[in-house]
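Engineer: Got a sequence here, can you model it:
(one chain, ligands or ions: 1)
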Amino acid sequence: MTQEESSHIHADDVWRRYGRGKNAFDAVRGVSFTVRPGQLFALLGTNGAGKTSTVELLEGLAVPHRGRIRLFGGLDPVADRDRIRPRTGAMLQEGGFISHLTVAESVEMWVRLTSRSRPVAEAIELVGLSHRADVMVQNLSGGERRRLDLAVATLSHPDVLFLDEPTAGMDAEGRHATWRLIRSMQERGTTILLTTHYLEEAEALADQLAIMHRGRIAASGTVSEIVADHSSTLSFGLPDKWTVHDLPVSGTAEERGRRVTIRTGQLQQDATRLLAWAEGHDVTLDRFTARPASLEEAFISIASQEGEAE
Ligand SMILES: Nc1ncnc2c1ncn2[C@@H]1O[C@H](COP(=O)(O)OP(=O)(O)OP(=O)(O)O)[C@@H](O)[C@H]1O
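Structural biologist: So this is what the prediction gives:
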C-alpha cells in the first residue's frame, strides 16, 4: 500500500496561488505531508505562513495551483466532495452563523443538517457554552464564538476533523477544555489536523507537526525530532578560581557574571563530562541545569534562519 493509500490526509507538492500575472502570489509553495488514521497533525507557523491557505485546500474550498491532495486514501477534496463531506468536520469560516439566532438555535440548525449528530444540549455543554445558550451569536465574545465553531465542527463523530486555530482568543480555561475535547475526539479514532499559533498547544496535542514559514514547511516530525536539531543548554555558576576555558565541553560557552551557559548538540555527553570534571576538581556547579531546546526556541530559530535565507 502506498503512503497515500494508507493515509487519511495526503498532500504532495501542493501550491496555492492568489492573483494572476504580475500580481500573482504563491502563499503555499510545495507543501507535502501525510497524516495517518487516528493521528493528530499540527500545522504551526508565523503570521501569513500559509496555514489557513493550506487547510482550505484540504477542505476542498479551493483547488491547488499545483500538486495533489487526497483524503481517505484516494479521494479528491473537490471532485469527491459529496463522499468526503459526511466523514469530515470543520470549523466554520466567518459568516457560518446567522447573527440574530441564539447559540442553541444555531446549533439546532446544524444538528438538523448533520447525520449521526450529538444532541444540541450535549454539544453546547461540551464546549462550555451552556450558560450562554440563549444569547444571540452577535453578542458572543471572540472566544465564545470560537467555542460555538468548535461545537459545530464536533457535532458528529467525523473520521477527519480540520481545526483552524481552534483556541484563538480563548481564555486558559477554555483552551484546556478544548484540548480535552480534542483528545476525546482523538481517542474515538478521529484523525485531526489543526493549525495553531500556540506552541504549547502543539506540544500538548500533536503526534506529528510541521512548522510553516513563507509558504513552505521548514521543519517537520515529532516535537523531539524537531528540537533535536537545535542546541540544548547547560547552565551553572562557576567558582571564581575557574574560567570557561577550563571546562571539558564541546559546545560554545558564554560567561555572564559568574553564570556560564553552554549551548551544545551533545547534551548528555557534555553534561556527563562536566559533572565528572566538577567531581574530580571538587567544584560545586551552582544551580546546575541541563535542558533540551524547547519547541519555542526551535520555532524562533527556524523563522529567523529562513528569514535570513530570503
Ligand atoms: N485572498 C487572498 N489574496 C491574496 N493574498 C492572500 C489571500 N489570502 C491570503 N493571502 C496571503 O497569503 C499568505 C498566507 O495567508 P494565510 O492566511 O494562509 O496564512 P496563515 O499562516 O493562516 O496566517 P495567520 O497565522 O496570520 O492566520 C499571506 O501572506 C496572506 O496575506
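
Engineer: The stretch 51-200 of the chain: strands as residue ranges?
Structural biologist: 66-71, 88-90, 160-164, 191-196 (DSSP state E, counting those that start in this stretch).

Engineer: which of those strands is buried the deepest?
Structural biologist: Of all these, strand 191-196 has the most neighbours on average by mean count of other CB atoms under 10 Å, namely a mean of 24. Yep, even glycine has a C-beta here, placed from its N, CA and C like the rest.

Engineer: what pairs with that one, and is each one parallel or antiparallel?
Structural biologist: strand 40-45 (parallel), strand 160-164 (parallel) (DSSP bridges).

Engineer: Which one, of these, ends up nearest to the ligand?
Structural biologist: Closest to the ligand of the strands paired with strand 191-196, according to CB to the nearest ligand atom: strand 40-45, at 4.8 Å.

Engineer: contact partners of that closest one?
Structural biologist: Contact with strand 40-45 is made by 9, 33, 35, 51, 54-55, 182, 186, 191-197, 199, 201-202, 205-213, 299, as judged by CB atoms under 8 Å, 6 or more residues apart in numbering.

Engineer: and if you look at stretch 289-307?
Structural biologist: 44, 46, 199, 202-203, 211, 213-214, 216, 218-219, 223, 226-236, 267, 271.

Engineer: next one: stretch 130-150 to chain centre, how far?
Structural biologist: 24 Å (CA atoms, centre = their mean, to the nearest Å).

Engineer: oh, and call the first residue 46 from now on, that's how I've got it
Structural biologist: Sure, I'll start counting at 46 from here, so that last one is stretch 175-195.

Engineer: List the buried residues of that stretch.
Structural biologist: Neighbour counts over stretch 175-195 (16 or more other CB atoms under 10 Å) mark 177-178, 180-182, 185, 188-195 as buried.

Engineer: Alongside the ligand, which residues does this protein contribute?
Structural biologist: Residues of the chain lying near the ligand by CB under 6 Å from any ligand atom: 63-64, 70, 72, 90, 92-98.

Engineer: Report the buried members of the residues you listed.
Structural biologist: Buried subset of the residues of the chain next to the ligand (neighbour count, 16+ other CB under 10 Å): 72, 90, 94-98.

Engineer: Export these to TSV and append columns for distance to residue 108.
Structural biologist: Converted to TSV, these look like this (distance: CB to CB, whole Å):
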residue	distance to residue 108
72	14
90	22
94	20
95	16
96	18
97	16
98	12
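
Engineer: Tell me which of those fall in helices.
Structural biologist: Using DSSP state H, the subset of those located in helices is 96-98.

Engineer: ok so, going back, which of the contacts of stretch 334-352 fall in helices?
Structural biologist: Short answer: the contacts of stretch 334-352 in helices (DSSP H) are 244, 247-248, 268, 271-273, 312, 316.

Engineer: so which one among those has the lowest pLDDT?
Structural biologist: Within the ones in helices among the contacts of stretch 334-352, pLDDT reaches its minimum at residue 273, with 84.

Engineer: Report how many residues lie close to it.
Structural biologist: Counted with other CB atoms under 10 Å, the neighbours of residue 273 add up to 15.

Engineer: ditto for residue 299
Structural biologist: Counted with other CB under 10 Å, residue 299 comes out at 12.

Engineer: so it is in which element?
Structural biologist: For residue 299, the element it lies in under DSSP states H and E is strand 297-301.

Engineer: chain center to whatever helix or strand comes next after that strand, what's the gap?
Structural biologist: The helix or strand immediately downstream of strand 297-301 is strand 304-309, counting by DSSP H and E. Its chain's C-alpha centre and that of strand 304-309 lie 30 Å apart, by CA atoms, centre = their mean.

Engineer: What of stretch 164-180?
Structural biologist: How far stretch 164-180 lies from its chain's middle: 26 Å, per CA atoms, centre = their mean.

Engineer: okay if I get the strands paired with strand 236-241 as a markdown table plus mean pLDDT and distance to residue 172?
Structural biologist: As requested, the strands paired with strand 236-241 are exported to a markdown table (pLDDT from 0 to 100; distance: least, CB to CB, whole Å):
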| stretch | mean pLDDT | distance to residue 172 |
| --- | --- | --- |
| strand 85-90 | 95 | 18 |
| strand 205-209 | 94 | 12 |
